[in-house]
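Novice: What follows is a protein structure lacking sequence information:
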Ligand SMILES: Cc1ncc(COP(=O)(O)O)c(C=O)c1O
């Protein structure tokens with residue numbers, strides 16, 4: 001684990017030496033942005049460190065403004081805030097499964113917080129093959145769910161770096177009377193023409209095709225923490241009544257709210273930033289491919305570099321770190337055995353030269369480990 005001394009950025013100062021940061025979810029480079037930081041400071045100057053109360057009892061004008069902004073971002077009726085997306089996922093799943101005979105259909109590559117949400121929801125849970133609409137439909141038919149049915153998927157998968165088949169999921173949800181929930185943690189601010197995530201990228205109607213969006217403020221929005229559910233008012237009223245993670249939890253930290261108010265605005269309207277991110281993703285993918293690496297994923301800022309062998313992946317990540325490149329290895333049990341990889345995440349703030357330099361170092365070390373052979 002590295003110890004980052006200063007602000008998060010494309011090049012971060014760590015205990016030891018500086019690193020080219022390719023392991024952060026700070027996709028738009030907002031985590032170290034002056035205005036976002038000022039938003040957080042101002043919120044604390046106004047409200048102290050928070051209300052020290054659980055969510056149902058009290059709120060602040062900043063929390064209310066952020067709820068409205070999140071709803072406007074997705075085009076939903078309303079939104080609720082949480083301390084994290086983990087809490088939001090658990091809250092939405094426990095709410096949708098509160099009645100008898102509820103069933104959840106969950107993509108096999110969904111984030112751990114969704115898996116934990118399914119466990120806590122105590123609904124019958126069926127795991128379908130990743131991004132496989134036929135398998136999903138088949139499992140729904142065999143399960144014959146009698147009660148409320150939920151289909152839940154990451155919008156962008158955090159380890160594979162690919163996008164959920166939103167159109168197919170929405171069609172299957174409509175055909176089977178199911179609620180579609182999309183976790184937009186790695187999609188919000190990043191994919192879709194104006195950064196509105198999976199629904200926009202897949203041409204879905206936020207109100208009629210999707211029952212709820214969940215997400216975090218700790219990634220592209222740069223706020224360091226916090227989560228949300230966006231959806232119709234009646235569902236969110238139900239969350240308020242039912243979800244233990246809403247009722248018994250302290251809400252989102254006021255500094256994160258202040259930072260998120262600026263971050264979400266930037267993510268929504270700073271087209272240049274998103275264009276820079278897109279350029280960097282394409283550039284990194286192209287230099288890595290030219291260097292002989294095999295890449296997974298697609299048109300998202302998560303660039304998985306397939307290594308296969310667990311030890312070699314760990315070794316490459318370690319060697320890269322000693323040369324100033326943070327390129328985390330993902331090994332079993334995060335990924336199946338034999339598909340170990342580096343997960344690289346460029347940000348809007350990297351320069352083309354920095355990405356090229358990182359790739360050069362990775363390729364040099366990979367050749368020593370006989371991971372890539374071509375020059
Ligand atoms: C898809 C997905 N959902 C949820 C989370 C959890 O977010 P938080 O850290 O806000 O709980 C993550 C975090 O990595 C994630 O990748």
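Specialist: Right, received. Where do you want to start? This structure is a prediction, so every number in the text was calculated from the model and none was measured.
Novice: bridging residues for residue 78?
Specialist: residue 231 (DSSP bridges).
Novice: Next, count neighbours for it.
Specialist: Using other CB atoms under 10 Å, residue 78 has 18 neighbouring residues. Using the backbone N, CA and C atoms, a C-beta is placed for each residue, glycine as well.
Novice: Distance-wise, check it relative to residue 89.
Specialist: Residue 78 sits 18 Å away from residue 89, taking CB to CB, to the nearest Å as the criterion.
Novice: do residue 270 as well
Specialist: Taking CB to CB, one finds residue 270 at 27 Å from residue 89.
Novice: helix/strand/coil for residue 305?
Specialist: strand (DSSP: H, G, I helix; E, B strand; the rest coil).
Novice: nearest residue to it other than its sequence neighbours?
Specialist: residue 342 (4.3 Å; CB to CB, 6 or more residues apart in numbering).
Novice: Surely that neighbour is within a strand?
Specialist: Yes. If the criterion is three-state DSSP, then residue 342 is within a strand.
Novice: what's near enough to touch it?
Specialist: Taking CB atoms under 8 Å, 6 or more residues apart in numbering, we find residue 342 in contact with 304, 305, 307, 313, 316, 317, 320, 327, 328, 329, 330, 362.
Novice: Just the ones in helices from those, please.
Specialist: 313, 316, 317, 320, 362 (DSSP state H).
Novice: a strand runs through residue 366, doesn't it?
Specialist: No. Assessed with three-state DSSP, residue 366 is helix; it does not lie in a strand.
Novice: List the contacts of it.
Specialist: So residue 366 contacts 291, 292, 293, 316, 372 (CB under 8 Å, 6+ apart).
Novice: quick one: which of these is nearest residue 253?
Specialist: Distances from residue 253 to the contacts of residue 366, taken as CB to CB, are shortest for residue 316 (36.5 Å).
Novice: I'd guessed the closest one sits against residue 330; true?
Specialist: No. Counting by CB atoms under 8 Å, residue 316 does not reach residue 330; the two are 11.9 Å apart.
Novice: Okay, buried residues for stretch 203-218 please.
Specialist: 204, 206, 209, 210, 211, 212, 213, 214, 215, 216, 217, 218 (16 or more other CB atoms under 10 Å).
Novice: Quick check: closest non-adjacent residue to the second one.
Specialist: I take that to be residue 206. Nearest residue to residue 206, sequence neighbours excluded (CB to CB, 6+ apart): residue 75, at 4.2 Å.
Novice: just the fourth one next, same as before
Specialist: Spatially, and ignoring its direct neighbours in sequence, residue 210 is nearest to residue 180 (5.2 Å; CB to CB, 6+ apart).
Novice: swap in the last one?
Specialist: Across the structure, with CB to CB, 6+ apart as the measure, the residue nearest residue 218 apart from its sequence neighbours is residue 225 (5.1 Å).
Novice: Contact partners for that neighbour?
Specialist: 83, 84, 216, 217, 218, 252, 253, 256.
Novice: From residue 207, how far out is the third one?
Specialist: Counting by CB to CB, the separation of residue 216 from residue 207 is 22 Å.
Novice: Going by residue numbers, what spans are strands in the stretch 251-375 of the chain?
Specialist: Read by DSSP state E, counting those that start in this stretch, the stretch 251-375 of the chain holds these strands, from start to end of the chain: 294-295, 303-308, 325-326, 329-330, 340-344.
Novice: before we move on, back to that, which of the contacts of residue 366 fall within helices?
Specialist: Those of the contacts of residue 366 lying in helices (DSSP H): residue 316.
Novice: Now residue 91: phi and psi?
Specialist: phi -60, psi -50 (degrees, to the nearest 10).
Novice: if I look at the closest residue to residue 251 other than its chain neighbours, how far off is residue 120?
Specialist: Distances taken as CB to CB, 6+ apart place residue 55 nearest to residue 251, at 4.4 Å, with adjacent residues excluded. From residue 55 across to residue 120, the span is 18 Å (CB to CB).
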